[in-house]
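K.L.:
can't give you the sequence, but here's the structure:
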Ligand code: AMP
């Protein structure tokens, strides 16, 4: 069994978070240490520790995370200016919370990720 992280407590609203969207499959909330004017984390309500643990059964939920991200980007007014969706996996990517999450980052020019 995977160990719960602080994100499970946010999903259950046991600790405070600035939740911008929640339904039966995903929760989205503002990152506590924003790297850009908009920095929101979109997570599955089901605990999946890393992208390596995603299975075919999770595909609908992961697709839903992207449609929710696009809706939030529109609400934030950054859908036309642009934004980046990032999922970090394990050490070399700097993953620190082992409950998969998609970073939605935008509201400024983010530069090119790869030159
Ligand atoms: P990662 O490096 O991809 O694992 O990113 C984890 C992210 O979670 C970081 O951007 C943190 O700032 C963010 N984070 C950690 N704890 C909280 C929290 N309680 N509420 C909101 N964001 C958090």
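P.N.:
Yep, that arrived. Quick caveat: nothing in here was measured; it's all calculated off a predicted structure.
K.L.:
Doesn't residue 100 lie inside a helix?
P.N.:
No: going by DSSP: H, G, I helix; E, B strand; the rest coil, the assignment for residue 100 is coil, not a helix.
K.L.:
Would you mind measuring from it to residue 48?
P.N.:
Using CB to CB, to the nearest Å, residue 100 is found at 5 Å from residue 48. (C-beta placed from N, C-alpha, C; glycine too.)
K.L.:
who's more crowded, the two?
P.N.:
Using other CB atoms under 10 Å, the more surrounded residue of residue 100 and residue 48 is residue 100, with 27 against 19.
K.L.:
Contacts only, for that one.
P.N.:
43, 44, 48, 49, 50, 51, 53, 54, 87 (CB atoms under 8 Å, 6 or more residues apart in numbering).
K.L.:
one more time with 10 Å
P.N.:
For residue 100, the contact set (CB atoms under 10 Å, 6 or more residues apart in numbering) comprises 7, 41-44, 46-54, 58, 61-62, 65, 87-89.
K.L.:
got it, and residue 26?
P.N.:
11, 42-46, 61-62, 64-65, 67-69, 102 are the contacts of residue 26 under CB under 10 Å, 6+ apart.
K.L.:
Around residue 94, count how many other residues there are.
P.N.:
Around residue 94 there are 8 residues (other CB under 10 Å).
K.L.:
wait, residue 54
P.N.:
The local packing of residue 54 (other CB under 10 Å) involves 17 other residues.
K.L.:
I'd say it and residue 48 touch.
P.N.:
Yes: at 6.0 Å, residue 54 and residue 48 qualify as touching, with contact defined as CB atoms under 10 Å.
K.L.:
Pull up the overlap in contacts between those two.
P.N.:
Shared contacts of residue 54 and residue 48, counting by CB under 10 Å, 6+ apart, come down to 61, 62, 100.
K.L.:
Now render these as TSV, adding pLDDT and distance to residue 81.
P.N.:
As requested, the shared contacts of residue 54 and residue 48 are exported to TSV (pLDDT from 0 to 100; distance: CB to CB, whole Å):
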residue	pLDDT	distance to residue 81
61	98	28
62	98	25
100	98	26
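K.L.:
Of those residues, which is the nearest to the ligand?
P.N.:
Of all these, the ligand sits closest to residue 100, with 8.9 Å by CB to the nearest ligand atom.
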